[in-house]
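Peer 1: With the input below, show me the fold.
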Amino acid sequence: DEKESSYIIGALIEGDEPQSGELLDFVRVTNLHDNDRSGALYLTASDSEAPYLDVIDGLAYNHSLCYPYIPGGNPDNADKNKYSCSGSPFLDTAYKQSEQDAGRIYRITRNEMVGQPDFLGIKQTIEKQLSHPQRLIVSFKARASKAMTGVNVSLGFKEDAGQADGEQTIGIDTGWQYRLFMVTIDLPSHYQRSLYIDLTRQLEATGDWFEIADLNIVLQSYISTFANAAKVRIGKVKGIADPVFGVLDGYGAYFRNMYATQNVNIAGTLTAGDENGFSSTFYVGKIHKNVIRNSIDCEFTDSPVTPLEEHSPVGIGKCWITGNTTKLKVQSAGWRESHRNKKYCFSIWIKAGIATNIAVYQDEYHLQDIQADS
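Peer 2: Numbering: from 1, shown residues only. Model prediction:
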């Protein structure tokens, strides 16, 4: 049944209680059970470090503590991607990828084995160490072969289900029902936690079954601070912490992947590496062509030179042994009078055994004297 409503009912899980008459803004940033609705476009001009546009995705499952999508887990060993149950000798298990409005479906069925186990049901152990005052959101869908009442759902010590940080009693119907509850960690942090769904009294007869789907356990803090799930940011990028480039600053665009075709224009410095340029760094911009006829070699006049089998410290170019007085010819291919009074930069590496005077001339204009002794 579909009904229209002019209001919604929400739960305040953090922050201050709204004041009477205060206008509220609502933004959906993720979905705990539907991956096709796990993303959002978040545009703000009033948040901290605004303005920016964020493309958010994967918030609910990238940082999930428990997100099973295959069977075969051990209830006492943490594996966030495997469903597990307790009382396996009395239970048969099956898994389906999806059906109707549910996905990642795990079924446990009571078999013909005779006996009364201490515990029958779902037991998912969480690998991450949890501590006060962390708050967990537990989300799942459930249905059963018959209506069940008094089903205890709890999160507590892995070795002792009776020591629970939080618990709730729910009913299970024959159709899919969505369940969500929150647990605040209160007990000591050095104990590993498990999620329990106790079906010992409900799975009594052979053939009774229970199904759980779309199980997700995530820290509420991961959902509240969704900057870690930003795949793209445009605007003020301060606040984005990238594992390669570190904390970003200023205005610009941040992408995990970028594809460009046709005309791509870049001016400035292009770095292929980390924040310190550890890799290949290229200067990209307007290039003054033909200032130096051959920028990786030299022409000499007035003195013989001998090639030297030695590597240049800058990685390119050749090395030469010169005489007492040598003129190095660095000539513009098309010198024009308009080039005068412009600033140019030339680089040369000199290794000498005695004190050396270097004079740099531009035509007849003397530019600079340099003292070099090594």
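
Peer 1: and the helix or strand residue 53 falls within, how far from the chain's centre?
Peer 2: Here residue 53 is covered by strand 52-56, with elements defined by DSSP states H and E. A distance of 14 Å separates the centroid of the chain from that of strand 52-56, by Cα atoms, centre = their mean, to the nearest Å.

Peer 1: so where do the helices sit in the stretch 51-200 of the chain?
Peer 2: Per DSSP state H, counting those that start in this stretch, the stretch 51-200 of the chain has helices spanning 59-62. These are given in chain order.

Peer 1: ok, now which ones touch residue 40?
Peer 2: 27-30, 56-57 (Cβ atoms under 8 Å, 6 or more residues apart in numbering). Yep, even glycine has a C-beta here, placed from its N, CA and C like the rest.

Peer 1: Quick check, pLDDT for it.
Peer 2: Looking at residue 40, its pLDDT reads 88.

Peer 1: For beta bridges, what are the partners of it?
Peer 2: According to DSSP bridges, the partner residues bridging residue 40 are residue 56.

Peer 1: For residue 56, see how far away it is.
Peer 2: 5 Å (Cβ to Cβ, to the nearest Å).

Peer 1: Which residue comes closest to residue 55 once chain neighbours are left out?
Peer 2: Nearest-residue entry for residue 55: residue 232, 3.9 Å, with adjacent residues in sequence omitted and distances by Cβ to Cβ, 6 or more residues apart in numbering.

Peer 1: Please read the previous query as pertaining to residue 203.
Peer 2: Leaving out its chain neighbours, residue 203 is closest to residue 110 (Cβ to Cβ, 6+ apart), at 4.3 Å.

Peer 1: Break down the stretch 101-250 of the chain into its strands, ranges please.
Peer 2: Defined through DSSP state E, counting those that start in this stretch, the strands belonging to the stretch 101-250 of the chain, from first to last, are 102-110, 121-125, 135-144, 148-157, 164-172, 177-184, 193-198, 209-219, 230-236, 241-242, 246-247.

Peer 1: how far away is residue 46 from residue 25?
Peer 2: 9 Å.

Peer 1: Give the burial count for residue 308, as a bare number.
Peer 2: Around residue 308 there are 13 other residues, counting by other Cβ atoms under 10 Å.

Peer 1: Tell me which residues touch residue 182, please.
Peer 2: With contact set as Cβ under 8 Å, 6+ apart, residue 182 has these partners: 13, 135-138, 166, 220.

Peer 1: Okay, buried residues for stretch 118-125 please.
Peer 2: Going by neighbour count (16 or more other Cβ atoms under 10 Å), the buried part of stretch 118-125 is 120-125.

Peer 1: what bridges to residue 236?
Peer 2: Beta bridges link residue 236 to residue 251, judged by DSSP bridges.

Peer 1: Please read the previous query as pertaining to residue 98.
Peer 2: Beta-bridge partners of residue 98, counted by DSSP bridges, are residue 103.

Peer 1: Let me know the pLDDT of it.
Peer 2: If you check residue 98, the pLDDT there is 92.

Peer 1: Dump the strands of the stretch 101-250 of the chain into a markdown table; add distance to residue 74 as well.
Peer 2: Compiled in a markdown table, these are given as follows (distance: least, Cβ to Cβ, whole Å):
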| stretch | distance to residue 74 |
| --- | --- |
| strand 102-110 | 14 |
| strand 121-125 | 8 |
| strand 135-144 | 20 |
| strand 148-157 | 17 |
| strand 164-172 | 21 |
| strand 177-184 | 23 |
| strand 193-198 | 11 |
| strand 209-219 | 16 |
| strand 230-236 | 34 |
| strand 241-242 | 35 |
| strand 246-247 | 39 |
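
Peer 1: closest to residue 5 out of those strands?
Peer 2: When these are compared for distance to residue 5 using Cβ to Cβ, the nearest one is strand 177-184, at 18.0 Å.
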